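A.B. asks: using only what follows, build the 3D model:
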Amino acid sequence: MFVSHLTLHDFRSYADVEVELQPGPVAFIGRNGQGKTNLVEAVDYLSRLGSHRVAGDAALVRAGAEQAIVRAAVVKDGRRAVLEIEINPGRSNRAKVNRSALPRARDLLGLVRTVVFSPEDLALVKGDPAERRGFLDELLVLLTPRYAGTRSDYDRVLKQRNSLLKTARVGGRSAAVLDTLSVWDANLARIGAEMIARRLSVLHDVRPHVVAAYEAVAKGARVEAASLAYRCSVPDVDTEGDGSPEEEAIEEAILAELARRRSDELDRGVSLVGPHRDDVVLSLGDLPVRGYASHGESWSFALALRLAAYQLLRADGDDPILILDDVFAELDTTRRSHLATLVADAEQVLVTAAVVEDVPETLLGARYAVVDGEVSRVE
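C.D. replies: Purely as a prediction, here's the structure:
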């Protein structure tokens, strides 16, 4: 899978830009603030309908414009399709495939798949649990696009339940409020059980890829066994199984824990049980990476997570498009070389860098200069 043509209209710093692309390594070279990352961010947005740089869509629309358009021609198994997303902050986004409108924007998910390496990846190791939950959830959406609907449904239920808990904390615990809360308990347990089961399954599948990728990236450095463990907010859930957890058992465990924590939740006005409270514990040997690993070890683990996602997606079918966004400036020479070797055979690798010297020779295929928002091919 690769992108053969990219069109942006009022996306980030670009009023209009057209870029012809090729399979294999593609490098965008330009100083900071010139717009190189905006190009690869647009490709990634088509994959997951979100940015790896910002949480909302408003920053993606050029100042003074009302909407942005990202359009890409994607080639898969020799067949070409044109994917388009119209980004409308504050309103529903709209998507098209080959100029035909899709019922929902999220129906675009799964048609193109990307894996992004960026300086922000260090947050996967050093950041809050939400970063690691997000890693699993985004990988699940790429593997099974319908999971995006499950995730959206859970967010809606959680919002409604939290609102009810706040009402009960302020206005009292009436029978009507408690009866309504029981209904939302059932919804949270049902959808939450599916989320936890799917996370445990994908964690089981990606774990061996993480171990192998860490050993490859950290070659020549001190290497210990890398491991990942799911820390669940529901104590009776089996997180050490074979990757095929029973949703019904998880649902029952969530309901039991909700009942046990009911008084605490009413006192605090917030949901304390569910997949939104879970974490993934990353370890090297017997110690957690967070708080104990060196800067180099933390970077190696972050890279291993992304490489593992790439390998899992690759095993699932098509090569995802790899995006290496300013990542080489963050790595020492050894890790640069190892990373370049590991991804050199990808069907398409999009690289951004401030100076060409930061990019390993094996990834300097087609080269583009990005200067003041102008993108030109360097022959």
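
A.B. asks: so which bits of stretch 259-278 are buried?
C.D. replies: Buried positions in stretch 259-278, judged by neighbour count with 16 or more other CB atoms under 10 Å: 261-262, 265-266, 271, 273-278. Every residue, glycine included, has its C-beta placed from N, CA and C.

A.B. asks: leaving out sequence neighbours, find the closest residue to Glu248.
C.D. replies: In this structure, Glu248 finds its nearest non-sequential neighbour in Ala193, 7.5 Å apart by CB to CB, 6 or more residues apart in numbering.

A.B. asks: quick one: that neighbour is in a helix?
C.D. replies: Yes. Read with DSSP: H, G, I helix; E, B strand; the rest coil, Ala193 is one of the residues of a helix.

A.B. asks: quick one: it from Gly50, how far?
C.D. replies: From Ala193 over to Gly50 the distance is 25 Å, taken as CB to CB, to the nearest Å.

A.B. asks: and which of the buried residues of stretch 259-278 is nearest Ala148?
C.D. replies: Distance to Ala148 across the buried residues of stretch 259-278 (CB to CB) is lowest for Pro275, with 14.7 Å.

A.B. asks: need phi/psi at that closest one.
C.D. replies: phi -60, psi -20 (degrees, to the nearest 10).

A.B. asks: from Arg133, how far off is it?
C.D. replies: Taken as CB to CB, the span from Pro275 to Arg133 is 7 Å.

A.B. asks: so what sits against both of these two?
C.D. replies: With contacts defined as CB atoms under 8 Å, 6 or more residues apart in numbering, the residues shared by Pro275 and Arg133 are Arg199.

A.B. asks: contact partners for the spatially closest residue to Arg113 that is not a sequence neighbour?
C.D. replies: On the basis of CB to CB, 6+ apart, the spatially nearest residue to Arg113 that is not a chain neighbour turns out to be Pro320, at 4.0 Å. Pro320 is in contact with 1, 47, 113-115, 142, 310, 313-314, counting by CB under 8 Å, 6+ apart.

A.B. asks: what are the ranges of the helices in the stretch 1-150 of the chain?
C.D. replies: Counting by DSSP state H, counting those that start in this stretch, the stretch 1-150 of the chain has helices at residues 36-48, 122-126, 129-143, 147-171.

A.B. asks: how about Leu181: what's its closest non-neighbour residue?
C.D. replies: When the adjacent residues along the chain are set aside, Leu181 lies closest to Leu164, with 5.6 Å between them (CB to CB, 6+ apart).

A.B. asks: the one you found against Asp179, yeah?
C.D. replies: No. Proximity of Leu164 to Asp179 does not meet the contact threshold set by CB atoms under 8 Å, at 10.7 Å.

A.B. asks: more neighbours: which of the two?
C.D. replies: Neighbour count, other CB atoms under 10 Å: between Leu164 and Asp179, Leu164 has more, with 19 against 9.

A.B. asks: residues near Leu139, how many?
C.D. replies: 22.

A.B. asks: from Val359, how far out is the residue nearest to Leu181?
C.D. replies: Computed with CB to CB, the distance linking Leu164 and Val359 is 53 Å.

A.B. asks: hmm, who's touching the lowest-mean-pLDDT helix or strand in the chain?
C.D. replies: Using mean pLDDT, DSSP states H and E, the weakest-scoring helix or strand in the chain turns out to be helix 333-343, at a mean of 86. Where contact means CB under 8 Å, 6+ apart, the residues beyond helix 333-343 that reach it are 117, 213, 216-217, 219-221, 296, 299-300, 303, 307, 310, 322, 324, 327-328, 331, 349, 358, 360, 362-363.

A.B. asks: that older thread, give me the subset of the contacts of Pro320 lying in strands.
C.D. replies: Among the contacts of Pro320, the subset assigned to strands under DSSP state E consists of 114-115.

A.B. asks: now render the contacts of Pro320 as JSON lines, adding distance to Ser376 and pLDDT.
C.D. replies: Rendered in JSON lines, the data for the contacts of Pro320 read as follows (distance: CB to CB, whole Å; pLDDT from 0 to 100):
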{"residue": "Met1", "distance to Ser376": "26", "pLDDT": "91"}
{"residue": "Ser47", "distance to Ser376": "26", "pLDDT": "95"}
{"residue": "Arg113", "distance to Ser376": "28", "pLDDT": "95"}
{"residue": "Thr114", "distance to Ser376": "24", "pLDDT": "96"}
{"residue": "Val115", "distance to Ser376": "27", "pLDDT": "96"}
{"residue": "Leu142", "distance to Ser376": "32", "pLDDT": "94"}
{"residue": "Tyr310", "distance to Ser376": "29", "pLDDT": "95"}
{"residue": "Leu313", "distance to Ser376": "32", "pLDDT": "95"}
{"residue": "Arg314", "distance to Ser376": "32", "pLDDT": "92"}
